[in-house]
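Asker: predicted model and sequence follow; I will ask about them next.
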2 protein chains.
Amino acid sequence: MQRTTAEQRLYALWAECRELQASEDLLHWDQETYMPERGHAGRAKVMATLAGLKHRRLSSPEMQEALATCAEMADERSLLAAQVRCARYEVDRAVRVPERLAREIAEAKSAGLVAWERARAEADFALFRPALERQVRLRREEAAAIRPDGNAYDALLDYWEPGATEAELRPLFARLREELSLLVRAVVESGVEVDESPARGHFPGDRQVALGRRMAEAIGFNFAAGRLDRSTHPFCIGPHREDVRLTYRFQEHDFRPCLFGILHEAGHGLYEQGLAAEWQRTPIGDAVSMVIHESQSRLWENHVGRSRGFWRWALPHFRNAFPGTPEPDVDFLWPAFHTVKPSLIRTEADEATYNLHIVVRFEIEADLIAGRIEAGDLPAIWDDLYDQLLGIRPPDAAQGVLQDIHWGQGSFGYFPTYTLGNLAAAQLFAAAERELGDPEEAFAAGEFGPLLDWLRTRVHTHGGRYTAGELIARVTGKPLAPDDLLDHLRQTAEQAYRSTRGMVKCRLKAYM
Amino acid sequence: MQRTTAEQRLYALWAECRELQASEDLLHWDQETYMPERGHAGRAKVMATLAGLKHRRLSSPEMQEALATCAEMADERSLLAAQVRCARYEVDRAVRVPERLAREIAEAKSAGLVAWERARAEADFALFRPALERQVRLRREEAAAIRPDGNAYDALLDYWEPGATEAELRPLFARLREELSLLVRAVVESGVEVDESPARGHFPGDRQVALGRRMAEAIGFNFAAGRLDRSTHPFCIGPHREDVRLTYRFQEHDFRPCLFGILHEAGHGLYEQGLAAEWQRTPIGDAVSMVIHESQSRLWENHVGRSRGFWRWALPHFRNAFPGTPEPDVDFLWPAFHTVKPSLIRTEADEATYNLHIVVRFEIEADLIAGRIEAGDLPAIWDDLYDQLLGIRPPDAAQGVLQDIHWGQGSFGYFPTYTLGNLAAAQLFAAAERELGDPEEAFAAGEFGPLLDWLRTRVHTHGGRYTAGELIARVTGKPLAPDDLLDHLRQTAEQAYRSTRGMVKCRLKAYM
């Protein structure tokens, strides 16, 4: 009886926090899509109030009491133990961060976004620097509150990926840096270039979006419980599983950023729509971690969306969308989805070099939070790292240090989850292939249901029932590691550049 | 010092409530514009949580204490006294309504909307009845909590219009019923019909909206601090003065509902955008009452938007928007904006018969809340009253008792504010004409600024500084009364039907 009461109390309090979070999510979506331009200052106050209220509820004595009672009563490895673990993770952070700081962080998020947008539009880092300095100061303060004696960057990493540490990431990123640099160098030095012309031309924005929407539907995204809207920076939010919102942006001269962007966000959205209905508004009712979330977006974007099978299915839709363009065949188009080519903008990078963009950000933000460098140092360090790792220098800050939204909104420790997500995507997809067989023919027939069902039962429906590490080990039989990703990247690069060798437009040199 | 502290405390607590309200406003807007169809159930819970939190803050001991200290210290007629009056009005209601009931009311609002939409789509009152019965039960319960010994309907009226009572409204509505029935009968029996063909034809929706947007801009609505979107039922929300949102709907065969609807909502929006910046998030920082709000929408819709001067300015824009249509001149178009013609749908009714639609609703809801009738009686009573007052019977419930959103969301006591707003609009516009002179030439030149400035300084900027009654008396020199409205309606009807007599398409009979 007491157990039932404490559990009910925990869930009731949790539901309130979860609904405040849903409000924040929706207002964040609104801010990035439809809010009038002068709405920012007022919105920042609203967001701060919601964050403050959530913080107050999470850290309230009632919550701590209900949680302590549940913790005492939960059998090891039981569902209740998982509820306690997920709740404790958030409650502990809230208890340690004073409400004043939580509110200031929330307010700085909105203000930082405004400063970032202006600075990026004018390619002027000086316009962003004060806001960035404030974010760094606040996050250092937050980290010190959460782990007075620990590594400050770990405290922030842990916010996005429970349990992640700089010490674990260092060797992993070092290996990726080394092996991917070799791959990039091999491709660059070969002098072989993939012909990207089939992906370029004139593709009206509305038609790209209509095609992207068709693709998202095909892989299983339910638009009766979701939306697709335009924003500056694509994202996915899920206030609850029957209201999941994706955003996109497009470039009219190249359809890849828009289409792969929509598949990416739809991958996030499928996870949100696949969470267990019966656990909604309880601590385990949400996605377990950012890495698992990113694994879903990357899996659908890269392992499905860039595959030959997918494009055998997609080509007729593509032709309908762009009737004036020459009809590309899959063998001609496919290499353009698997280039290995140093570039400046992370979100438009190919699958392989993408992870080098993350290495740059990981190294910078770890040093920044630790106080080894300061905000004002960023532009020079950024440009030097791009030179070292990718062999190119940004011509201005908008294409360099100002390109990403994350630091502007105070998100440090987020970037590594992208690459960890790539690792997890490759590892999960390899496991799915082992169980379901080569998916090319199914994809070519538009049959994405078997893969989605596989992900639903093995990943989505579990929410926070298992930790991210437990989940990966349960589903793939091994801990998270870079091998499957590196295999996948080497194989696709080899195929893309080998098939390219025979083509007219390619300049052949000694390679592979 | 203690005074400053209590005041600051009051404003800090108030700001939090106001920001929860802003969140509710925005999520309500989202629900009516962009929310995915399956989002309703989850959204209802979020709305209930926000309403519950606001209720808890409003009724908290801290709030009551801060308010009591401020009340003791406020000099009569001071700004602080006005702050206390506005705050007390909300706090007293919150203290009396238990949180459980406040949450249930909020949840019933979302659920009621869903039931209403379905019932209206299928023209089936039975689908709506259970939701309506729940709303009536909850509102009777709320009224009993607020005024245990008073008139239940008064408790609800007071929510929308502080101080309004059934006893005061009865004679006022009786006079309107009598005088407007005479006017309607005179027009109907004359057999004269205004030629409405210039307002009919084929007007593509997007062009109507673009023109409506142009009109809203012209009268001063600032789209950098606002939006215009489509919804089933037009409305305006203002989470804060720099984020004010209007919605519209349109009929392609008649441009009047869309254009006058946008001017109506823009009138509401101008009030919100005109509230004093320095009082934002304090108790007097919002619009004083629904009647004053409605006076602003009606003033711009009817006294400006339907005027000859406005259409002398608007015609070139109209021709640009609809290049294929015959070019109407103002004398030909104007009578179509001033018909007096019994019709079924309130929101599409002409200025005169509109108030008879309100009389029907006022009589029904007063009886319903008092328990003199029950929800199941409504369709028959509704149809009989339309027969008596307007001489027509709805062919189905969608065009009858199900046409309005209000009862579905539990808003009883709201309808009378529409007609009181019409009274106030006519009285304010008459005062403006006395001070600014005949506005026809200014309007014809597109100069709406002088009127907007007049309203800004006399009405908008005061927020809740004065009561609605005080404000009307200060600005117009007399208490709210139906005379200016009745004069306006008689004059426009006389002119419209007189000018019509000379026209070819009109069947002339003895009239006026």
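Answerer: Good, I have the coordinates. Numbers count the residues shown, from 1 in each chain, chains lettered A, B, ... in the order given.

Asker: mind checking pLDDT for residue A:129?
Answerer: Confidence at residue A:129, expressed as pLDDT, is 97.

Asker: could you look up the SS state of it?
Answerer: For residue A:129, the assignment made with DSSP: H, G, I helix; E, B strand; the rest coil gives helix.

Asker: do the same with residue A:237
Answerer: Applying three-state DSSP to residue A:237 yields a three-state assignment of strand.

Asker: quick one, grab the pLDDT at it.
Answerer: Residue A:237 carries a pLDDT value of 97.

Asker: excluding residues flanking it in the chain, which one is nearest it?
Answerer: Spatial nearest neighbour of residue A:237, chain neighbours left out: residue A:25 (4.5 Å); criterion: C-beta to C-beta, 6 or more residues apart in numbering or on different chains. For the C-beta atoms, the positions are set from N, CA and C on the backbone; glycine is no exception.

Asker: so what's that neighbour up against?
Answerer: Counting by C-beta atoms under 8 Å, 6 or more residues apart in numbering or on different chains, residue A:25 makes contact with A:237-239.

Asker: please indicate which of the residues you listed are buried?
Answerer: The neighbour-count test (16 or more other C-beta atoms under 10 Å in any protein chain shown) marks A:237-239 as buried among these.

Asker: list just the nearest of these to chain B.
Answerer: Taking C-beta to the nearest C-beta as the measure, residue A:239 is the one of those closest to chain B, at 6.9 Å.

Asker: for the residue lying closest to the closest one once chain neighbours are set aside, helix, strand, or coil?
Answerer: Using C-beta to C-beta, 6+ apart and skipping the chain neighbours, the partner closest in space to residue A:239 is residue A:22 (3.6 Å). Reducing the assignment to helix, strand or coil with three-state DSSP, the entry for residue A:22 is helix.

Asker: isn't residue A:22 up against residue A:241?
Answerer: No. Counting by C-beta atoms under 8 Å, residue A:22 stays clear of residue A:241, with 10.9 Å between them.

Asker: intersection of neighbour lists for the two?
Answerer: Shared between the contact lists of residue A:22 and residue A:241 (criterion: C-beta under 8 Å, 6+ apart) are residues residue B:42.

Asker: separation between the residue sitting nearest the centre point of chain A and chain B?
Answerer: The residue lying closest to the centre of chain A (C-alpha atoms, centre = their mean) is residue A:294, at 4.4 Å. Distance, residue A:294 to chain B, using C-beta to the nearest C-beta, to the nearest Å: 24 Å.

Asker: the one helix or strand residue A:67 maps to near chain B at all?
Answerer: Secondary structure assigned from DSSP states H and E places residue A:67 in helix A:61-73. No. No part of helix A:61-73 sits close enough to chain B to count as contact by C-beta under 8 Å from any C-beta of the partner chain; the gap is at least 13.1 Å.

Asker: how many other residues sit next to the closest residue to residue A:332 other than its chain neighbours?
Answerer: Spatial nearest neighbour of residue A:332, excluding adjacent residues (C-beta to C-beta, 6+ apart): residue A:198 at 5.5 Å. Residue A:198 has 18 neighbours, counted by other C-beta atoms under 10 Å in any protein chain shown.

Asker: quickly find the element holding the nearest residue to residue A:282 once chain neighbours are set aside.
Answerer: The shortest distance from residue A:282 to any non-neighbouring residue, by C-beta to C-beta, 6+ apart, is to residue A:11 (5.3 Å). Counting by DSSP H and E, the secondary-structure element that holds residue A:11 is helix A:2-33.

Asker: so which bits of that helix are buried?
Answerer: Within helix A:2-33, judged by 16+ other C-beta under 10 Å, the buried ones are A:6-7, A:9-11, A:13-33.

Asker: close to chain B: what parts of chain A are there?
Answerer: Taking C-beta under 8 Å from any C-beta as the criterion, chain A approaches chain B at residues A:15-16, A:19-20, A:22-23, A:26-27, A:30, A:34-39, A:41-43, A:45-46, A:49-50, A:52-53, A:222-227, A:229, A:239-244, A:280-281.

Asker: among these, which ones are buried?
Answerer: Under a neighbour-count criterion of 16+ other C-beta under 10 Å, the subset of the residues of chain A next to chain B counted as buried comprises A:15-16, A:19-20, A:22-23, A:26-27, A:30, A:34-36, A:38-39, A:42-43, A:45-46, A:49-50, A:52-53, A:222-223, A:225-227, A:239-244, A:280-281.

Asker: thinking again about what came up before, tell me the phi and psi of the residue nearest to the residue nearest to the centre of chain A when sequence neighbours are not counted?
Answerer: Computed as C-beta to C-beta, 6+ apart, the closest residue to residue A:294 that is not its neighbour in sequence is residue A:421, at 2.4 Å. According to degrees, to the nearest 10, the main-chain angles of residue A:421 amount to phi -60, psi -40.

Asker: try the one 5 residues further on
Answerer: Backbone torsions for residue A:426, taken as degrees, to the nearest 10, come to phi -60, psi -40.

Asker: surely it touches residue A:484?
Answerer: Yes. With contact taken as C-beta under 8 Å, residue A:426 and residue A:484 are classed as touching, separated by 3.9 Å.

Asker: can you count the residues close to residue A:83?
Answerer: For residue A:83, the tally of surrounding residues (other C-beta under 10 Å) stands at 25.

Asker: can you say which helix or strand has it in it?
Answerer: Using DSSP H and E, residue A:83 sits in helix A:79-96.

Asker: so which bits of the following helix or strand past that helix are buried?
Answerer: Secondary structure here is assigned by DSSP H and E; on that basis, the next helix or strand after helix A:79-96 toward the C-terminus is helix A:99-122. Buried residues in helix A:99-122, counting neighbours by 16+ other C-beta under 10 Å, are found at A:102-117, A:119-120.

Asker: and the helix holding residue A:67, what does it pack onto?
Answerer: The criterion is 3 or more C-beta pairs under 8 Å, 6 or more residues apart in numbering or on different chains; DSSP states H and E, and the helices and strands that helix A:61-73 contacts are helix A:2-33, helix A:79-96.

Asker: in TSV, list the ones you listed along with mean pLDDT.
Answerer: Written out in TSV, the entries for those read as follows (pLDDT from 0 to 100):
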stretch	mean pLDDT
helix A:2-33	94
helix A:79-96	96
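
Asker: surely residue A:351 and residue A:338 touch.
Answerer: Yes. Between residue A:351 and residue A:338 there is a contact under C-beta under 8 Å: 7.1 Å.

Asker: overlap in contacts of these two?
Answerer: In the contact map built from C-beta under 8 Å, 6+ apart, the residues linked to both residue A:351 and residue A:338 are A:306, A:492.

Asker: about what we covered before: next step: the residues of chain A next to chain B restricted to helices.
Answerer: Among the residues of chain A next to chain B, the residues falling in helices (DSSP state H) are A:15-16, A:19-20, A:22-23, A:26-27, A:30, A:41-43, A:45-46, A:49-50, A:52-53.

Asker: distance of the residue of the stretch 401-512 of chain A found nearest chain B from residue A:288?
Answerer: Taking C-beta to the nearest C-beta, chain B has its nearest neighbour within the stretch 401-512 of chain A at residue A:463, 15.6 Å off. Applying C-beta to C-beta, to the nearest Å, the value for residue A:463 to residue A:288 is 7 Å.
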